[in-house]
Every structure is written in structure tokens, then in C-alpha cells.
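# just coords:
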């Protein structure tokens, strides 16, 4: 099974078992399937989200040596399919490029035999990294349709974080306090359109004016 997982990952595909059958399909399908809607305060009870740029890149290179032809090759992936950005927002690679210029990444621990294999692996790896830009964990009421591979539309989370996510993990919980609930993990490659809200930043060397304190001395 681990071998099959590795082969599927190198092609940008996913695998799962259902009714004793093994399925393999591309991850790019998810933007076209119907979404399950969860609204914060209703079906969605809790949600935390993280946007992480540490693994993001504006482009990704995979290079190697073709033994048969005695030539080297360097393949590049720099574009994502539209199905991976259904929110029409900014990807991690876009944000990095705008802030710091082009930020390429290079994979050096693989040994593709030809340019075609390198190109396929570069695109799959680039898409996998892009999908991990925004990750979230939530708790929802019992929902039988919530499963790995399901497209989830989260609502009521504000302009930045509402939108479509891809479910990558589901855990069923039951206790005597809350009853039956579902914990789930999601990911997506882009911020939803909306104005970024940042806390005020104090400039170096700037000082806050002293606050006025009431006179606590004795009256004469």
C-alpha cells in the first residue's frame, strides 16, 4: 500500500478504499464536484486556520540525467490548474513573488529517468505544496457526507477564510458531554478575495505618548 501511495503521489493522484475496491484519481477533479456547506455557528461548531508560507514557492524545478541519451534536463512547474484555486484568490507563491520577487524551489533527492518523468513529478510536487498553503481543523455536528475527498464550503468565517476547502482527514468522536461530533482537516491553495486586516504595527524608535494619570495627591 505504501508503494501505491508513493506512485500516486508522484502523479498528483489520491487513493482510497470503498466497498472493498481500490480507487485512484487525480486531485485536480475536486473543484468540479458538488460542495458540502457548513456554516459557523450552525453545522460548523469550531474552526481554526493557518496560512503558512514556509513551504511555498513561485516555481519548482526537478532536474536529472538521461542515461540513454546522455543529456541533462531541468523541468519547471510554475502554474496551477484552475480547479486548485476555485476561490479565485492569491496563492502562497503569488504572495511570495509580490513581496520578495521570484522564489524558486528545487527538488534534488529524486532520480527521474527522463524529462517527461521529471515534468510530471515537478507539477505534482508543486501542486501538493500549493495545496498546503492554508490548512484548517474544525469540529462539526454529525454529517454523514463529510469524508476524505469531499469539497467543503465553509461559511460565516469572514471574507478571507470562507470559501471552498478540500477535506483531507476525518475523525469521529463520541462522549457523554457533547455526543457525536466530527473532527475534520481541510486544505486549500488560495486565500478567498477580500481585504486583508492587519493589526497596527509600531515603528522602530517610535514611542507611545505617555498616558495621563489622575492626580492622587492630597488637596491642600
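That came through, no problem. Quick caveat: nothing in here was measured; it's all calculated off a predicted structure.

# Scan the protein for its longest strand.
Counting residues, the longest strand found in the chain (DSSP state E) is strand 163-175.

# just so I have it, where are all the strands in this protein?
Under DSSP E, the chain gives strands at 13-18, 21-26, 35-39, 44-51, 59-66, 71-77, 104-107, 134-141, 151-155, 163-175, 179-188.

# neighbours around the residue nearest to residue 12 when sequence neighbours are not counted, how many?
Leaving aside its sequence neighbours, residue 12 sits nearest to residue 124 (Cβ to Cβ, 6 or more residues apart in numbering; 3.5 Å). No exception for glycine: its C-beta is placed from N, CA and C like everyone else's. Using other Cβ atoms under 10 Å, residue 124 has 21 other residues around it.

# Name the residues that touch the longest strand of the chain?
27, 30-31, 35, 86-87, 89, 131, 134, 136, 146-154, 180-188, 192 (Cβ atoms under 8 Å, 6 or more residues apart in numbering).

# So residue 96 is in contact with residue 56, correct?
Yes - counting by Cβ atoms under 8 Å, residue 96 touches residue 56, with 5.7 Å between them.

# Return the members of the contacts of strand 163-175 classed as buried.
Neighbour-count burial (16 or more other Cβ atoms under 10 Å) applied to the contacts of strand 163-175 gives 27, 30-31, 35, 86-87, 89, 131, 134, 136, 146, 149-152, 154, 181-182, 184-188, 192.

# worst-scoring helix or strand of the protein, pLDDT-wise?
Lowest on mean pLDDT, DSSP states H and E among the helices and strands of the chain sits strand 13-18, with a mean of 79.

# rewinding a little: parallel or antiparallel, which strands does the longest strand of the chain pair with?
In the sheet containing strand 163-175, its partner strands are strand 151-155 (antiparallel), strand 179-188 (antiparallel), by DSSP bridges.

# how about the nearest residue to residue 73 once chain neighbours are set aside, what does it touch?
When the adjacent residues along the chain are set aside, residue 73 lies closest to residue 115, with 4.0 Å between them (Cβ to Cβ, 6+ apart). Taking Cβ under 8 Å, 6+ apart, we find residue 115 in contact with 66, 73, 75.

# Name the member of the residues you listed with the most neighbours.
Busiest of those [other Cβ under 10 Å] is residue 75, holding 21 neighbours.
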